[in-house]
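A.B. asks: sequence and predicted structure, then a few things I'm wondering about:
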Number of protein chains: 2
Amino acid sequence: MPPSRKSDGHGGPPTAQDVAVAAGVSSATVSRSFNNPDKVAPLVRARVLATAAALGWMPHAAGSALARGRTNIAGAIIPTLDNEIFAAQIGGMQSTFSARSVTLLLGCSNYDREQAFKHAQAMLAKGVEALAIAGEAHKPELFDMIAARGVPYVVTYSYRTDSPHPCIGFDNHDAFYRMTRYLLDRGHRTIGLIVQPVAGNDRIEARVAGVRNALADQGLGLRPQHVREGEWSIGFGRESLRAIMSGPLPQPTAVICGNDWLAIGALLEARTMGLMVPDDLSITGFDDVAMAAQLEPGLTTMRVDNARIGSLAADYLLARLSGETPSPVPPLVPEFIERGSTAPPR
Amino acid sequence: MPPSRKSDGHGGPPTAQDVAVAAGVSSATVSRSFNNPDKVAPLVRARVLATAAALGWMPHAAGSALARGRTNIAGAIIPTLDNEIFAAQIGGMQSTFSARSVTLLLGCSNYDREQAFKHAQAMLAKGVEALAIAGEAHKPELFDMIAARGVPYVVTYSYRTDSPHPCIGFDNHDAFYRMTRYLLDRGHRTIGLIVQPVAGNDRIEARVAGVRNALADQGLGLRPQHVREGEWSIGFGRESLRAIMSGPLPQPTAVICGNDWLAIGALLEARTMGLMVPDDLSITGFDDVAMAAQLEPGLTTMRVDNARIGSLAADYLLARLSGETPSPVPPLVPEFIERGSTAPPR
DNA sequence: TTGTAAGCGTTATCAC
DNA sequence: GTGATAACGCTTACAA
């Protein structure tokens, strides 16, 4: 039988008080032995530590949170873990926080503002001391609530120079502007676009705007029949490419995809349709998933260090928690990766 | 300026006491208005709710945890979010917990027992009321500690009928036994194996044992030069297949892979080497990732509903928390998916 | 129906 | 160097 059950008078896990009586000291000394080791006689401390270990005591966080006014809990709200970019971000954040013994509360909004708000509320009630939130397309009440509690926060994945929020991420508009410019520079004039749902997703909105603006700068535009919006999946990529390439003329000589999975679908479908990539059609993705380099031809795409976004966010928040006023984190710059799926049009 | 800052006497977020004075009631009534609405006069309650909303009050979880002895926090420990199967599990768990307003604390062990133990310790200190732990290959102290605190827990992903732990997952041994039998039944006699690192991973260990036992039942075995163990990645799959197929004769007519990414690597490398799949070589995977169906030929694999593992685990733990003694959850059965990457040997 | 008051487990401020 | 003791914010008998 484990020593901590029933061996004390009151069931449940042992308290500092239990340790105190067992060690023949006061509960204050128990607390000090752990939090202010220098202020307690070495011998006494050794005894306290030993009995604490014997009883399997660990300080109950709720009590200490109340007394200290600190919880050592941070929260992260992301749309979904199904997307590996968010999974990687959480992984990076988790490990950075964990190194400073901050535990991470996780909430997934499923791209729903209401759920995101609920999670934020629950987390603030749990006393999170810092909050990382993916994207800035949220209910204003969410940010009001955070501000009202004075909890440091960051918005991840978005980055606009004129954003009212501290951002850690990259400029989605700029990334897709660059990608579009790359294609324009190679001579493409008719370009298609396959993207994730725009509604309530400021990152995708920015990407689409980036494409449109790059085209507009050359006096060009997207034809409606060349634009497809839907769930990011290989399947939707395939279906969209077929729709675009079997629609009315003129057909695009290049298709920009909102992420690699859409692009991989497009690439595979192009192959199925007997189109030569990149000669008949250039295709670009985003994220540089492992598969992007393995296809034949390889996928031209852009890479972002997602885990780094997470750890940068954690670093920033940790700095805020230690009272510092960290300088704004400069935007990450997605790395352009040119592979075989792009070329000048025939 | 938000109403909750400085408008009260003491800085920081408003407390139930602040709401109480503002509404002209006692703090007990504030608490009741939220937790026992029937026990308070409708008019008073309305007033309390209104002022609480006006002040932006929400109960501080640490206080209520202390008073109630309940935290409404659960913890999950997984190896890594980089693997989509764990990400999916956490997603399912998160959403089920969240529907019952339990928030989820996340810890990633990076396949390191020590880290897993540390996370468990930190989580217990935070007062998690339930714990889900991936796999059962952990320090015994971890389970002792959990038992000492009387916290309900489940082991996910593993399933052995004789496990001392409540398990929610599938029988890894059985799954790979079946897969091997499938190949044997089709006439394969020399089979290769490419798997993830076995050390400290009971699931992979079980998979390897499943393959070996199915072979042994036919008086066969794995030749050392046909077995490769390393990080799961397309790259390692490629490299391993090349090593196996360019090694000494006899070469295997089928290669079993520990997951789909290894198998996809093997498939691509086989193509590069000019081997015909499935005629020259059969290849199998595990997980049924989206890409598995898209390759040419499609990958024969097995599918597990990972999100379901997460939500079943959450359901089980929630039941335990409401004092029930849920009957053991039967093992999930991975669905066998036959595609073009397997055939009888030439 | 409502208020009073006693905890919950910890830490911090005092005295000693 | 150590021990009382008073918070911390909330819930819940128990009284009124």
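C.D. replies: Yep, it's here. Numbering: from 1, shown residues only, chains lettered A, B, ... in the order given.

A.B. asks: contacts and neighbour counts: CA atoms only from here.
C.D. replies: OK.

A.B. asks: residue in the stretch 51-200 of chain A nearest to DNA strand D?
C.D. replies: Closest to DNA strand D within the stretch 51-200 of chain A is A:Ala67: 3.3 Å, counting by CA to the nearest atom of the strand.

A.B. asks: what does the host helix or strand of that residue contact?
C.D. replies: Counting by DSSP states H and E, the element that carries A:Ala67 is helix A:61-68. Outside helix A:61-68, the residues that touch it by CA atoms under 8 Å, 6 or more residues apart in numbering or on different chains are A:70-71, B:62-63, B:65-66, B:125-127.

A.B. asks: again, only this time at 10 Å
C.D. replies: With contacts defined as CA atoms under 10 Å, 6 or more residues apart in numbering or on different chains, helix A:61-68 is touched by A:31, A:69-73, A:126-127, B:60-67, B:69-71, B:122-128.

A.B. asks: returning to what we had before: the residue of the stretch 51-200 of chain A closest to DNA strand D and B:Gly63: what is the separation?
C.D. replies: Noted for A:Ala67: a distance of 10 Å to B:Gly63, by CA to CA, to the nearest Å.

A.B. asks: so, low pLDDT: which residues of the stretch 101-250 of chain A?
C.D. replies: In the predicted model of the stretch 101-250 of chain A, no residue satisfies pLDDT under 70.

A.B. asks: try 90 this time
C.D. replies: A:101, A:125-127, A:148-150, A:158, A:160-162, A:200 (pLDDT under 90).

A.B. asks: ranges for the strands of it?
C.D. replies: Along the stretch 101-250 of chain A, counting by DSSP state E, counting those that start in this stretch, strands occupy A:103-108, A:130-134, A:153-157, A:167-169, A:191-195, A:227-229.

A.B. asks: mean neighbour count, those strands: which tops it?
C.D. replies: When those are scored by mean count of other CA atoms under 10 Å in any protein chain shown, the highest mean neighbour count falls to strand A:167-169 (a mean of 28).

A.B. asks: what pairs with that strand, parallel or antiparallel?
C.D. replies: Using DSSP bridges, strand A:167-169 pairs in its sheet with strand A:153-157 (parallel).

A.B. asks: if we can go back for a sec, give the PyMOL command for selecting the buried subset of the contacts of helix A:61-68.
C.D. replies: Entered in PyMOL, the line below selects the buried ones among the contacts of helix A:61-68, by 16 or more other CA atoms under 10 Å in any protein chain shown:
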select buried, (chain A and resi 31+71+72+73+126+127) or (chain B and resi 60+61+62+63+65+66+71+122+123+124+126+127+128)
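
A.B. asks: wait, which of the strands of the stretch 101-250 of chain A is closest to A:Arg203?
C.D. replies: Ranking these by their distance to A:Arg203 (criterion: CA to CA) puts strand A:153-157 first, at 7.3 Å.

A.B. asks: just the terminal-to-terminal distance for stretch A:135-153.
C.D. replies: OK, stretch A:135-153 end separation, CA to CA: 12 Å.

A.B. asks: nope, stretch A:254-263 is what I was after
C.D. replies: Where stretch A:254-263 begins and where it ends lie 11 Å apart, using CA to CA.

A.B. asks: hmm, that stretch in reach of chain B?
C.D. replies: Yes. Counting by CA under 10 Å from any CA of the partner chain, chain B is contacted by stretch A:254-263 at A:Trp261.

A.B. asks: buried ones in that stretch, by neighbour count?
C.D. replies: Residues of stretch A:254-263 classed as buried by neighbour count (16+ other CA under 10 Å): A:254-263.

A.B. asks: mind putting those residues into JSON lines with distance to DNA strand D and pLDDT?
C.D. replies: Output for the buried residues of stretch A:254-263, formatted as JSON lines (distance: CA to the nearest atom of the strand, whole Å; pLDDT from 0 to 100):
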{"residue": "A:Ala254", "distance to DNA strand D": "57", "pLDDT": "98"}
{"residue": "A:Val255", "distance to DNA strand D": "54", "pLDDT": "98"}
{"residue": "A:Ile256", "distance to DNA strand D": "51", "pLDDT": "98"}
{"residue": "A:Cys257", "distance to DNA strand D": "48", "pLDDT": "98"}
{"residue": "A:Gly258", "distance to DNA strand D": "44", "pLDDT": "98"}
{"residue": "A:Asn259", "distance to DNA strand D": "44", "pLDDT": "97"}
{"residue": "A:Asp260", "distance to DNA strand D": "46", "pLDDT": "98"}
{"residue": "A:Trp261", "distance to DNA strand D": "46", "pLDDT": "98"}
{"residue": "A:Leu262", "distance to DNA strand D": "47", "pLDDT": "98"}
{"residue": "A:Ala263", "distance to DNA strand D": "50", "pLDDT": "98"}
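
A.B. asks: in strands, which of those residues fall?
C.D. replies: A:254-257 (DSSP state E).

A.B. asks: which members of the residues you listed additionally contact DNA strand C?
C.D. replies: Among these, no residue lies close to DNA strand C (CA under 7 Å from any atom of the strand).

A.B. asks: any part of the helix or strand just after the helix holding A:Ala67 near DNA strand C?
C.D. replies: Using DSSP H and E, the helix or strand that follows helix A:61-68 in sequence is strand A:73-78. No. Applying CA under 7 Å from any atom of the strand, one finds strand A:73-78 separated from DNA strand C by no less than 14.8 Å.
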